[in-house]
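[1] Predicted model follows, preceded by the sequence.
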Amino acid sequence: MAALEKFHMAIWSKTLSIALFSVTMLLFLPLIYHFGLALKPATKTAINGHATIESADFLQRKTLALDGQWLFYWKQLLEPEQIQKSEGKSTFIQGHGGWQSSNNNQHYGAIGFATYHLEVELEFGASNLALQIPQIESAYSVYIDKQLMASGGAASDTELSGKPGYNTAIVRIPEGLKQFTITIQVSNYHSSWGGLWAPIVLGDADALHTLQRDKVALSLFIMGALLITAIHSLIQFFVRPTDNIPLVYTCLCLLLFLREFTVEHMSFALSSLAGGFVLITKLNFLSFYAGIPIALYFFHLSFSEEFHHKFCRFIYVLSMLFSAYILFFPTRYFGVPLIMYEVIAVFVMLYILQRVWVATRHKQRGAGVLLIGSLIAFSFALNDILNASGVITTGRFFSLGIIGFIMSQSFVTNNRYNQLSSNNETLTDKLKERNADLMLMSELLETKVEQRTRQLKLANKELKALANNDPLTNTYNRHGLQQYIQAAFERYRRSQECFCILLIDYDHFKEINDSYGHDVGDIVLITGADLIKSGIREQDKLARWGGEEFLVLLPNTDLKGAFEIANKLKDAICAYPIGQPVGVKVSVSGGIAEVQKDDTFETLFKRADDALYQGKQNGRNQIRS
């Protein structure tokens, strides 16, 4: 009956989990609509360098992407006054895709400089209008009429004086204007793409700031989720260091965090640093180039039987070469291998999906859920690749795909640990059954059971002694001392009862072993432990921490009292030769640390260890804090 009830509970739990997982996945739909459609500006197509904005253009949305035919002056950096005087030879170019776009009538090289110009006529007077300046490769100056409104880097007609910059901006249009011109001077000597990659957006200033705020908020949310997931995975790896999957997943989350941190609307965080453009570009490309092999390695470890080891190693080596290219080559050459690596990335994603599908057919645990998460993430990744290449104009969605994949992996991880918990419960039930059998046997064979019980108690006592004590010095070992350390911290947090730890380490102990042999070295350790035990209070605890190092826990003792105890112990150990009849003269150094607010044992131990190290460095045979 209990087994049937447990079976029904398991079915109900799994059904509820799948339902909640599906509902959570459906929450992506409004996010996709909001960031892909609702926030996407409408398009206003300029004709022959002129755009007329009507009131009806803002009925559907409050933002307009100024696309279409801009006046374009190649190899010319013209001021607005020069354009008005018809100086310079012009042609027309699309307001997006850069000047290398295949939509242009002429082909322009990536490296160079030019001027964009557009005349804008408003059917109404400008009121609370602004321009959103996107990332422009790779330096620019923006004028409204004759006034300089924004700049990024230093646009120049010579490579020596040109400096790249990642400064996106929102600039206000003077109130009441009905006609104005937009002049953009652009130079590119540091990128594989030049010019306006995304269109200039005209719209309500509040709406533009809201759009920017929403994008930053989404990125911060995604980075927070990635960071929390990375920390959670690190904790799992710490608990089970033999399982490398959480460690690899942590690396993948950190790379995705880095990629999200270097997108266009987050570039303000790094753009002010020296070499900001180069730093952001390299980090962005590196997170992409290194993310593919890390993702492959994650799935490779998760389903090792389904993945081909030689193929995976080939992809790892190939990705390392591409990553090295990013690290050591100038940013202006990054476009050369990008298309090739995008093809490789798509191929690797398809390969992962196919292999996870095979793992699903083989009924590998968690494969089905990971397949769903991978489909979400890889679909959005493919969308971003095609969108960046200009094949489609849907927008950037990989950030949302990341969340989908995180949810899937979290589901799989929790399922794994639930399975372990279920196995423990099964083992517990079996143990209870066996205990019942033993009780039945005890009625018939009481004497024999009592004998075995005594033997079991003795064995448990011996095991506990082996687990908690150091067999050489008959002191606690690290494991045995942990319960007293934890109790000391609990008393400190509850009643502010202070305590100290004292590290004692023999000076030149290796020379003793080398000169007199390990047997004498053991006598030195045993004698020292006995002297310490005889010199401390009953409530104080001593443990051999490792090798020739001892740790003394001093409850209800401040730093001054700890110094008195430590010096007394040091003097006792150094008072006479040890290891007679050999007569080994020994000395020790010590480090003391008193517990402080917000301390953990690791931070407390580090202070004591650092103090011990200072004592060693300053001549040994002394106590430091």
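    Alright, I've got the coordinates. Residues are numbered from 1 along each chain as shown.
[2] Test my guess that Ala359 contacts Ala367.
    Yes. Applying C-beta atoms under 8 Å, one finds Ala359 in contact with Ala367, separated by 3.9 Å. Where you see a C-beta, it was placed from the backbone N, CA and C, and this is true even at glycine.
[3] and for these two, which residues touch both?
    Phe303 (C-beta atoms under 8 Å, 6 or more residues apart in numbering).
[4] can you list the domains in the protein?
    44-204, 210-418, 429-468, 472-624 (automatic domain parsing).
[5] Format the ones you listed as JSON lines; extra columns: mean neighbour count, distance to Thr15 and mean pLDDT.
    Formatted as JSON lines, these follow (neighbours: other C-beta atoms under 10 Å; distance: least, C-beta to C-beta, whole Å; pLDDT from 0 to 100):
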{"stretch": "domain 44-204", "mean neighbour count": "19", "distance to Thr15": "42", "mean pLDDT": "89"}
{"stretch": "domain 210-418", "mean neighbour count": "17", "distance to Thr15": "14", "mean pLDDT": "83"}
{"stretch": "domain 429-468", "mean neighbour count": "11", "distance to Thr15": "23", "mean pLDDT": "69"}
{"stretch": "domain 472-624", "mean neighbour count": "17", "distance to Thr15": "41", "mean pLDDT": "90"}
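[6] which element is the residue lying closest to Gln82 once chain neighbours are set aside on?
    Computed as C-beta to C-beta, 6 or more residues apart in numbering, the closest residue to Gln82 that is not its neighbour in sequence is Gly88, at 6.4 Å. For Gly88, there is no enclosing helix or strand under DSSP states H and E.
[7] With Tyr116 as the reference, measure out to Gly88.
    To Tyr116, Gly88 is 12 Å away according to C-beta to C-beta, to the nearest Å.
[8] And Thr360, by the same measure?
    51 Å.
[9] that older thread, what about the domains of the chain, which gets the closest to Ile11?
    domain 210-418 (13.8 Å; C-beta to C-beta).
[10] so how far is that closest one off the chain centroid?
    What separates the centre of domain 210-418 from the centre of its chain is 11 Å, taken as C-alpha atoms, centre = their mean, to the nearest Å.
[11] And stretch 501-520, by the same measure?
    Offset of stretch 501-520 from its chain centre (C-alpha atoms, centre = their mean): 43 Å.
[12] end-to-end on that stretch?
    28 Å (C-alpha to C-alpha, to the nearest Å).
[13] for stretch 302-310, same thing?
    Span of stretch 302-310 from end to end, C-alpha to C-alpha: 16 Å.
[14] just stretch 578-593 next, same as before
    End-to-end distance of stretch 578-593: 28 Å, with C-alpha to C-alpha as the criterion.
[15] which residues of the stretch 401-550 of the chain fall in helices?
    Secondary structure of the stretch 401-550 of the chain (DSSP state H, counting those that start in this stretch): helices at 446-468, 478-495, 509-516, 518-535.
[16] Of all those, which one comes closest to Glu121?
    For the helices of the stretch 401-550 of the chain, proximity to Glu121 was assessed by C-beta to C-beta; helix 478-495 is nearest, at 70.6 Å.
[17] Point out the other helices and strands that the closest one packs with.
    When contacts are defined as 3 or more C-beta pairs under 8 Å, 6 or more residues apart in numbering; DSSP states H and E, helix 478-495 sits against helix 446-468, strand 499-506, strand 541-546, strand 549-555.
[18] give me that answer again for 10 Å
    With contacts taken as 3 or more C-beta pairs under 10 Å, 6 or more residues apart in numbering; DSSP states H and E, helix 478-495 sits against helix 446-468, strand 469-470, strand 475-476, strand 499-506, strand 541-546, strand 549-555, helix 601-617.
[19] returning to what we had before: list just the one of the helices of the stretch 401-550 of the chain that sits closest to Asp145.
    helix 478-495 (66.2 Å).
[20] relative to strand 541-546, how tilted is the closest one?
    130 degrees (axes from the mean of the first three to the mean of the last three C-alpha atoms, to 10 degrees).
[21] Give me the residues contacting helix 478-495.
    With C-beta atoms under 10 Å, 6 or more residues apart in numbering as the test, helix 478-495 has contacts from 464-465, 467-470, 475-476, 497-501, 539-546, 551-556, 595-597, 599-601, 604-605.
[22] how about a cut-off of 8 Å?
    Residues outside helix 478-495 that contact it (C-beta under 8 Å, 6+ apart) are 467-469, 476, 497-499, 501, 541, 543, 545-546, 551, 553, 555, 595, 599, 601.
[23] related to what we said a few turns ago, need the helices of the stretch 401-550 of the chain in TSV (columns: distance to Asp429).
    Shown next, in TSV, are the helices of the stretch 401-550 of the chain (distance: least, C-beta to C-beta, whole Å):
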stretch	distance to Asp429
helix 446-468	21
helix 478-495	29
helix 509-516	51
helix 518-535	45
